[in-house]
Each structure stands twice: as C-alpha cells, then as structure tokens.
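# Next comes the sequence, and after it the predicted model I'd like to discuss.
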Amino acid sequence: MILLTGATGNVGSALLRRLVGSGQPVRALVRDPRRLGPERVRVQIALGNLSDASSFRNALRGVTTVVHLAAAIRDQERERATIEEVNGLGTLRLVRAAEQAGVERFIFFSAIGASLHSESRFFRAKAAAERAVEVADMDTVVACPSIIYSPGDPWFTLLGRLSLLPVMPIAGDGNAEYEPIWADDAAAAVMALLDGKGDGTRRIELAGPERLSYNEIARVFLAVKRRHRRLVHIPRPLVRWGLKAVEEIQGPLAFATWDEAELMEIPMVSSRGTADVEALGVRPQRMVDVLSP
C-alpha cells in the first residue's frame with residue numbers, strides 16, 4: 001500500500017492518475033475527498049492533513065511506502081497552521097509516525113535551493129524537513145524539484161489574469177532563474193523511483209530542459225497566449241507592502257501573498273541539469289511545448 005500526501009496538487013494529481021492506472025493500491029491523505037475528482041472512487045481515503053498528527057495512525061495502517069508531496073506556500077488559516085508547522089513540523093511528525101508504523105520507504109519532495117539560511121520561510125521549512133527525512137530509519141529519497149507547473153495551475157491562472165492588464169507586472173527585477181519542470185514529468189520520475197529505478201539513490205534534483213528567468217517565463221506565457229504586453233517591474237518593497245495589505249484585508253482569500261511572491265526572486269537551478277530526471281528514464285519537456293495548444 002502506498003500513502004500519498006498532496007494528491008490534489010500539481011504533481012499529486014498527475015501521480016495519482018498514473019498509480020491508479022498501474023493498478024497499485026493507493027491511499028490518499030486528504031482534507032476534502034471531493035477534490036480528488038473521479039479518482040476518489042478508485043483509491044482508499046484517509047481524512048486528515050499535516051497539521052493533524054492524530055490522523056497519521058489510520059492513514060499509515062498497512063502502508064509500505066509513503067510519497068510525501070503535500071506542502072504549503074502560505075500560512076493555513078483554516079487549520080491555524082503556519083508554513084513552518086505544515087512543511088517542517090508536519091513532515092517530522094509524519095516521518096516519526098511512518099517509522100513507528102513499519103513503513104519501509106519514504107519519498108519526500110523538497111525544493112532546489114532549500115536552506116536553513118534562506119530568506120524564504122518556505123525554503124527554511126523545507127530544509128528542516130529534509131533533515132528529518134534524511135536521518136529516518138527507513139529507505140528515503142529526497143526529491144528536490146525546481147519550480148513545478150502545469151497548464152491551468154494556480155500560478156499560471158494568476159499569470160493569465162495579470163496578462164489581461166495593459167502591462168504585465170513583475171515583482172522585483174524578474175532575473176531569478178529556474179529550470180521549470182512539468183508536473184507530469186515530475187510524476188513520471190516518482191513512478192520510476194517506485195518501480196525500482198535509481199535504487200540506492202538518496203537525493204535527486206528534478207529540473208526541466210531550459211534555464212529561464214522569471215521574465216523569460218512570463219514572455220513564454222505571453223507568446224503562447226498571443227498577448228503582446230510590456231513587462232513592468234514593481235520594486236520589491238512596494239510589492240511587499242501591497243501584498244501584506246491584501247493579506248490583512250482578504251485573509252486566506254488573498255490572490256497572492258508576500259511569501260509566495262518572494263519565491264519568485266530566489267533562483268532554483270540544478271548543477272546537474274536534467275541528468276537526474278533522465279537517469280530515471282524521463283525526458284522532460286520544454287515549457288512552450290507543454291503550454292502550447
């Protein structure tokens with residue numbers, strides 16, 4: 001039995017389809033089963049979330065492998081849990097519960113660039129979670145992706161809305177570089193790990209075939225949508241002030257938070273490029289090919 005967290009997310013939904021299609025028994029740890037769509041009748045469901053450690057016991061019953069994809073890039077008002085509590089403490093608790101339940105393998109999604117010294121709360125929490133996974137008494141793999149995307153995801157939905165303006169606003173200078181990887185390619189890499197490829201590997205980096213700055217990503221998106229917009233860079237202090245004000249007014253309904261915007265100014269590139277992904281038998285696609293109709 002495989003326990004999958006983050007099954008409704010970008011990579012999780014793509015991975016869940018592959019797992020169900022392969023006939024592997026899957027249990028999804030979710031808050032709301034309805035968000036699983038048609039897959040909810042094809043998998044076992046465990047109600048819970050990372051901020052509720054009491055839900056782990058039932059979720060882990062009979063599980064041999066955990067694929068831990070769930071993460072938060074903003075504070076969770078509904079659960080009254082912070083980024084640090086969900087990504088850091090939540091992962092630590094899940095690791096310990098998995099050890100106690102006799103889980104044999106634990107695959108964890110961190111992020112390229114995660115560091116305890118990062119200016120980003122998200123990256124600091126991911127780095128702390130990495131340490132908990134790496135010292136666990138299980139066979140573990142830490143997968144570190146660059147920015148992950150899929151057509152219609154919340155990030156591209158926001159870009160789509162911004163692209164309807166007379167100009168395209170970009171937070172900061174837009175020069176931070178990434179190696180974007182399509183969620184389906186990341187899911188294929190996880191399937192390869194589950195199928196035994198890369199045995200003995202403890203850490204992999206998941207990067208797409210192109211190194212693109214945030215400015216270049218915006219231009220790729222505009223070109224695919226055939227929208228001609230000039231990029232206008234908003235000074236970082238002004239972005240921070242504006243988004244903090246939006247958070248105060250809209251709370252969890254805010255269209256974006258400062259913690260999310262800050263991630264768009266921190267590079268996420270691999271020194272190995274696509275080598276780790278291709279070693280698993282996956283040839284990642286270019287962003288323009290994925291987004292083009």
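Thanks, I have the structure now. Numbering: from 1, shown residues only.
# What ranges does the stretch 101-250 of the chain have for its strands?
105-109, 139-145, 148-149, 167-171, 177-178, 181-182, 203-206, 212-213, 230-234 (DSSP state E, counting those that start in this stretch).
# Just send those back as a markdown table, with distance to residue 88 too.
Backbone N, C-alpha and C define where each C-beta goes, glycine included. Below are the strands of the stretch 101-250 of the chain laid out as a markdown table (distance: least, C-beta to C-beta, whole Å):
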| stretch | distance to residue 88 |
| --- | --- |
| strand 105-109 | 12 |
| strand 139-145 | 14 |
| strand 148-149 | 20 |
| strand 167-171 | 25 |
| strand 177-178 | 23 |
| strand 181-182 | 23 |
| strand 203-206 | 18 |
| strand 212-213 | 29 |
| strand 230-234 | 30 |
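# okay, now the residue nearest to residue 61 when sequence neighbours are not counted: neighbour count?
With C-beta to C-beta, 6 or more residues apart in numbering as the criterion, residue 61 has its nearest non-adjacent residue at 7.1 Å, and that residue is residue 101. Neighbours of residue 101 under the rule other C-beta atoms under 10 Å: 17.
# Quick check: pLDDT value at residue 101.
At residue 101, the model reports a pLDDT of 93.
# My guess is it contacts residue 63. True?
Yes - the pair residue 101 and residue 63 passes the contact test of C-beta atoms under 8 Å, sitting 6.5 Å apart.
# export stretch 14-31 as PDB, just CAs?
Presented in PDB, the C-alpha positions along stretch 14-31 are these (Å, rounded to 0.1, in the frame of the first residue of the first chain):
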ATOM      1  CA  ALA A  14      -0.700  13.600 -12.100                       C
ATOM      2  CA  LEU A  15       0.900  10.900 -10.000                       C
ATOM      3  CA  LEU A  16      -2.400   9.600  -8.700                       C
ATOM      4  CA  ARG A  17      -3.600   9.000 -12.200                       C
ATOM      5  CA  ARG A  18      -0.500   7.000 -13.000                       C
ATOM      6  CA  LEU A  19      -0.700   5.000  -9.800                       C
ATOM      7  CA  VAL A  20      -4.400   4.100 -10.300                       C
ATOM      8  CA  GLY A  21      -3.700   3.300 -14.000                       C
ATOM      9  CA  SER A  22      -0.900   0.900 -13.000                       C
ATOM     10  CA  GLY A  23      -3.200  -0.900 -10.500                       C
ATOM     11  CA  GLN A  24      -1.200  -0.100  -7.400                       C
ATOM     12  CA  PRO A  25      -3.100   0.200  -4.200                       C
ATOM     13  CA  VAL A  26      -3.100   3.800  -3.100                       C
ATOM     14  CA  ARG A  27      -4.400   5.600   0.000                       C
ATOM     15  CA  ALA A  28      -4.700   9.400  -0.200                       C
ATOM     16  CA  LEU A  29      -4.400  11.600   2.900                       C
ATOM     17  CA  VAL A  30      -6.800  14.500   2.100                       C
ATOM     18  CA  ARG A  31      -8.900  17.100   3.800                       C
END
